[in-house]
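Asks: 3D model of this:
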Amino acid sequence: MAGSDATPSGVPDVLAPGLRIVFVGINPGRVSAAARAHFANPRNDFWRLLHAARLTSRLYEPHEQFELLEEGIGVTNAAYRTTPGSGDLRRADFAGSAERLERIAAELEPAWLAFVGKEAYRGAFGTRPDLGLQDRTLGETRLFVLPSTSPANAAVPWDERRRWFQELAGRASGLPQRKSARAAVVDERGRVLLLRYGDDYSDWWVTPGGGCEHGEDDEQTLRRELEEEVGLVEFELGPLLWEHAGWTLDEPGFGSFLSRVYLVRVERFEPPHLTEAEELRWFSSADLEHVSTRPPDLGERVSRASGS
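Replies: From the prediction side, this is the model:
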């Protein structure tokens, strides 16, 4: 079953023993069938999401699909028949799918099977799942359901798709959690100070702060980080506003995070631009409606907490 297995569609299975993750698409579309490669439609986000979530060390092209094995990743489909769209599939197209996936899990022992779209999972097992980690397992193999990466699934925005791929990457990594302390720095006008970071795929704004070093409590971390990042030294630490947890490989050596965010009020403070971020600036509540933040509802959280 390992390597280049022929399939009824002409799109080969990309499989080998002991993989980290085997991705399960629903079935080959016409572009993939013509290319004899998985997710070959250039408008399909699958390959970009693998890289954006740090599941792969570089951005791969569909014709490089067998090189994924070197990254511990495989690909197969829940159904093999090629159709113009997944809506053209029939129940009979999934006959034997669950048994075949069970055989992959038993013989090749991947750590995870990740279904690219709810319909891939439903086609195989006959039940419609929620996104994310599933209660069902196949032996020692855990199951995870991702949003579809097809251009037909345009209702799910890039940031949400990426978040689910990041969660899978973090969970599959087995790496520890990074704990950090952050500050919602709010000035006398009710504005909040944020830092901008980015990569090849998007930009986002976050509150200043960082990881807790060994032996530090949250206040010690914040006093060190705020001085380093924004030049803020004298301040009174306010109450804990919220905790934000998630999964990501953005921080080397960690697979998940837990951030505690505290209120810090300041007056007439202008940062001396000491930060290593790409940009820092003050945002009003209205301004925050037009930028990508982490967490996505950061503006609402700050408004509720600060009473603005």
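Asks: ok, which stretches of the protein are strands?
Replies: 3-5, 13-15, 21-25, 73-77, 112-116, 132-138, 141-146, 177-186, 192-198, 203-206, 209-211, 237-247, 256-265, 279-283 (DSSP state E).
Asks: angle of the longest one against strand 177-186?
Replies: It refers to strand 237-247. When axes from the mean of the first three to the mean of the last three Cα atoms, to 10 degrees is applied, the directions of strand 237-247 and strand 177-186 differ by 140 degrees.
Asks: Out of the strands of the chain, flag the one nearest Glu225.
Replies: strand 209-211 (4.3 Å; Cβ to Cβ). Every residue, glycine included, has its C-beta placed from N, CA and C.
Asks: buried ones in that closest one?
Replies: Gly209, Gly210 (16 or more other Cβ atoms under 10 Å).
Asks: just checking, what packs against it?
Replies: Secondary-structure packing of strand 209-211 (3 or more Cβ pairs under 8 Å, 6 or more residues apart in numbering; DSSP states H and E): strand 177-186, helix 218-230.
Asks: What average pLDDT does the last one get?
Replies: By that I understand helix 218-230. Across helix 218-230, pLDDT averages out at 96.
Asks: Run the chain-centre distance for that helix.
Replies: Relative to the chain's own centre, helix 218-230 is displaced by 27 Å; criterion: Cα atoms, centre = their mean, to the nearest Å.
Asks: For it, buried residues please.
Replies: So for helix 218-230, counting by 16+ other Cβ under 10 Å, buried means Asp218, Thr221, Leu222, Arg223, Arg224, Glu225, Leu226, Glu229, Val230.
Asks: Now for the closest residue to Ser173 other than its chain neighbours: which residues touch it?
Replies: Spatial nearest neighbour of Ser173, excluding adjacent residues (Cβ to Cβ, 6 or more residues apart in numbering): Gly255 at 3.9 Å. Taking Cβ atoms under 8 Å, 6 or more residues apart in numbering, we find Gly255 in contact with Ala169, Gly170, Arg171, Ser173, Gly174, Leu175, Pro176, Gln177, Trp247, Thr248, Leu249.
Asks: and the closest residue to Ala183 other than its chain neighbours, how many neighbours?
Replies: Ranked by Cβ to Cβ, 6+ apart and with sequence neighbours excluded, the top spatial neighbour of Ala183 is Val264, at 4.4 Å. Val264 has 22 neighbours, counted by other Cβ atoms under 10 Å.
Asks: Verify the contact between Val264 and Leu240 for me.
Replies: No: Val264 sits out of contact with Leu240 when judged by Cβ atoms under 8 Å, with a separation of 11.6 Å.
Asks: So Glu267 versus Glu236, what's the distance?
Replies: As for Glu267, its distance to Glu236 is 11 Å (criterion: Cβ to Cβ, to the nearest Å).
Asks: still on that earlier bit, and the helices and strands packed on strand 209-211: which comes nearest Pro295?
Replies: Here strand 177-186 is closest among the helices and strands packed on strand 209-211 (Cβ to Cβ), at 10.9 Å.
Asks: What is the distance between the closest one and the centre of its chain?
Replies: 20 Å.
Asks: Report the angle between that strand and helix 218-230.
Replies: 70 degrees.
Asks: Tell me which residues touch the nearest residue to Ser32 once chain neighbours are set aside, please.
Replies: Of all residues not flanking Ser32 in the chain, Ala40 sits nearest, at 4.3 Å (Cβ to Cβ, 6+ apart). Contact criterion Cβ under 8 Å, 6+ apart gives Gly29, Val31, Ser32, Ala34, Pro62 as the residues in contact with Ala40.
Asks: hmm, try it at 10 Å
Replies: Applying Cβ atoms under 10 Å, 6 or more residues apart in numbering, we find Ala40 in contact with 11, 28-34, 46-47, 61-63, 65.
Asks: And for Glu289?
Replies: Phe283, Gly299, Glu300.
Asks: swap in Leu194?
Replies: 184-185, 204-208, 277, 279-283, 287-288, 291, 293-294, 298-299, 302.
Asks: how about 8 Å then?
Replies: Leu194 touches Trp205, Val206, Thr207, Pro208, Leu280, Arg281, Phe283, Thr293, Leu298, counting by Cβ under 8 Å, 6+ apart.
Asks: Alright, calling it a day.
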